[in-house]
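> Make a model of this:
(chains A, B, C and D)
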There are 2 protein chains.
Amino acid sequence: MKLTDKARKIEQGILDRLREKGYKLTLQRREIISILAQDSSHPRAADILLKARKRAPRISVSTVYYTLAMLKKEDLIREIEFYDMDNRYDINVSNHLNLICEKCGRIEDYVNELPLSSLDIEQRSNFQPFRFRLECYGVCSKCRKSKK
Amino acid sequence: MKLTDKARKIEQGILDRLREKGYKLTLQRREIISILAQDSSHPRAADILLKARKRAPRISVSTVYYTLAMLKKEDLIREIEFYDMDNRYDINVSNHLNLICEKCGRIEDYVNELPLSSLDIEQRSNFQPFRFRLECYGVCSKCRKSKK
DNA sequence: TTGTGTGCAAAGCATTTGCAATACT
DNA sequence: AGTATTGCAAATGCTTTGCACACAA
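Numbering: from 1, shown residues only, chains lettered A, B, ... in the order given. So this is what the prediction gives:
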């Protein structure tokens, strides 16, 4: 399956879901969703705004945030929150480890099995787990190559 | 070993380390370190400030942040950064999972073995890992009890 | 038609920073 | 004595919010 096909499928899934829920599918929303579906780089709100303006020139910051908040609420995207850099948005809503490069800010998904079980946590700690935030900070392969 | 003994030991270790490194051990710093050593609740900067003022009444916000930054730089504490709530500070600098209650903000350490290996990550992803941020959001036992 | 969605501008707020005064070694 | 540290006040900047208008259903 080509990347564009995969993206198209994700996009379609999100649009269908929003329609079901009764959300209005405005040009701005379609555009933001299309961008997210095609972008696996965990983009910033500002990245999305910039790209969206190519086809929706007057789209505003608040619309981007409003839409992202809505998508997050519907569990269609995941927000990765930082306090010293811009938040990032991820279409991969499954529990996974993010590898975050401290040099360039790149975020990649770590694709291997995660041996962390909600069940174990609940049984051992009496804490009721909802969702994980799993990150590893370091240096990505690109930054390792380019000088030290 | 009693809690206070453990705290005293941690405190002493930090003080020794700072002395070695040539840091000045001011009243303010001693106070902040003492507070951190005794507090396993992952306190906020504001919590620390408030407690510190009992014995160092004129201590300021910037001193607290300055000291915390220094301790973090020396790997003596760990900062847990949030964008929608105050950052928290942890004397437990080992890699561990934090259980974060979404109701009351309590943060507890999950004490069991973490099956995440830096080595695996490096070998499988070509990413050079430095440190982890591992969190599980949910509801703590106290909040589960009190009503639903 | 009608209420949700949008755009603009202003606010929010923990943390950071500049600078002069202080005090530890 | 000299320099790191402190305290005060102001700045920072992404994200959020208030409000009036626009538009999808």
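
> Next to DNA strand D in this structure, residues from chain A, please.
Residues of chain A found near DNA strand D (Cβ under 7 Å from any atom of the strand) are A:19, A:24-27, A:44-46, A:61-62, A:65-66, A:69, A:82, A:86-87. No exception for glycine: its C-beta is placed from N, CA and C like everyone else's.

> Now compare the residues you listed and name the two farthest from each other.
Pairwise distances across the residues of chain A next to DNA strand D (Cβ to Cβ) peak at 32.2 Å, for the pair A:Arg19 and A:Phe82.

> Now do the same contact list for A:Leu71.
Neighbouring residues of A:Leu71 by Cβ atoms under 8 Å, 6 or more residues apart in numbering or on different chains: A:Ile14, A:Ile32, A:Ile33, A:Leu36, A:Ile77.

> Let's see that with 10 Å instead.
A:14, A:17-18, A:23, A:29, A:32-33, A:36, A:77-79, A:89, A:91, A:93 (Cβ atoms under 10 Å, 6 or more residues apart in numbering or on different chains).

> Same question for A:Lys54.
Residues near A:Lys54 by Cβ under 10 Å, 6+ apart: A:Glu31, A:Ile35.

> What separation is there between it and A:His42?
Using Cβ to Cβ, to the nearest Å, we find A:Lys54 at a distance of 20 Å from A:His42.

> filter the contacts of A:Leu71 down to the ones near DNA strand C?
Among these, proximity to DNA strand C is found for A:Tyr23, A:Arg29 (Cβ under 7 Å from any atom of the strand).

> Spatially nearest residue to the residue in chain A sticking out farthest from the centre, not counting backbone neighbours?
The outermost residue of chain A relative to its centre, with distances by Cα atoms, centre = their mean, is A:Arg124 at 30.5 Å. Nearest residue to A:Arg124 in three dimensions, chain neighbours excluded: B:Asn112, at 6.0 Å (Cβ to Cβ, 6 or more residues apart in numbering or on different chains).
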